[in-house]
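1. next one to model:
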Amino acid sequence: MSTASTLVIKVPQGQGCIQNFTLEPSLPDGDVAGEWKFSQIDENGNCQDADDFSVVFDKNSSWLQKQSELCVLVVTMNKPGWRFAMEGTKSCKNEENTADVLHDVRTEIGGNGKVLKAYIQSLGNLDETVGFSFVAAHVSENGTTTIYQSPDPKGNIQR
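-> Below is the predicted model:
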C-alpha cells in the first residue's frame, strides 16, 4: 500500500453509508511485492490514498438501530488485465486479534470481476481489527493467469 493515513468512516446512528474506493494493483518486481494503491473517492471525484481504515458505529445506538446500521465499501479496479478473485479478500488469521471473529464483514464480486463490495455491520459493542489482503487475478500477455494478494491493510470496526 502507498504511504497514507488511516481513513475514518463514520456510520450515522440508525442508518447506513456507502464509500467508494479504487484499487490499483501492481505486479511484483522480482522478489519484491508490488505496491497496491487503495484510494477513497469523494463526491467530487477526488482521490485520497489510505493504508488502513476504521468504520465507526455510534455507541449510543439502540438494539433496533444497530440492526439497520451498515457500511458498504465499493472498491473498483479498472486496471487492464486485473480482476478480483476468490471472494476479493483473504483474512489474515495468523496475527492475533486480526481475523473477522465477529463475522460482521461479508464480500461479493460483481461488475465482471472489477467491483468488490464489502458489507460491514457491528451488532455488538466490541471493537475489532480485521487484517486482510485484497486478492486479484492478473492475465499476462501470453494468457497466463496468476493470483496475487496485496500487502496487508487493516480495517478496524468500532462501536
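2. going by C-alpha atoms from here, please, whenever you check contacts or count neighbours.
-> Noted.
3. number of residues surrounding Asp42?
-> The burial count assigned to Asp42 is 12, neighbours taken as other C-alpha atoms under 10 Å.
4. need phi/psi at it.
-> phi -90, psi 180 (degrees, to the nearest 10).
5. wait, what's in contact with it?
-> 20, 48 (C-alpha atoms under 8 Å, 6 or more residues apart in numbering).
6. then Glu69?
-> Glu69 touches 11-16, 57, 121-122, counting by C-alpha under 8 Å, 6+ apart.
7. for the residue located most distally from the centre of the chain, give me the pLDDT.
-> Among the C-alpha atoms of the chain, the one farthest from their average position, using C-alpha atoms, centre = their mean, is that of Asn142, at 30.0 Å. Note for Asn142: predicted pLDDT of 92.
8. that one should be in a strand, yeah?
-> No - counting by DSSP: H, G, I helix; E, B strand; the rest coil, Asn142 falls outside a strand, being coil.
9. picking up where we left off before, mark which of the contacts of Glu69 are buried, thanks.
-> 11, 13-14, 16, 57, 121-122 (16 or more other C-alpha atoms under 10 Å).
10. and Ala85, what helix or strand is that in?
-> strand 82-91 (DSSP states H and E).
11. could you point out the helix or strand that follows that strand?
-> Scanning onward from strand 82-91 (DSSP H and E), the first element met is strand 105-110.
12. between that following strand and strand 82-91, how many degrees?
-> For strand 105-110 against strand 82-91, the angle by axes from the mean of the first three to the mean of the last three C-alpha atoms, to 10 degrees is 170 degrees.
13. what about strand 105-110, average pLDDT?
-> 92.
14. and that strand, how far out from the chain's middle?
-> Centre-to-centre, strand 105-110 and its host chain are 10 Å apart (C-alpha atoms, centre = their mean, to the nearest Å).
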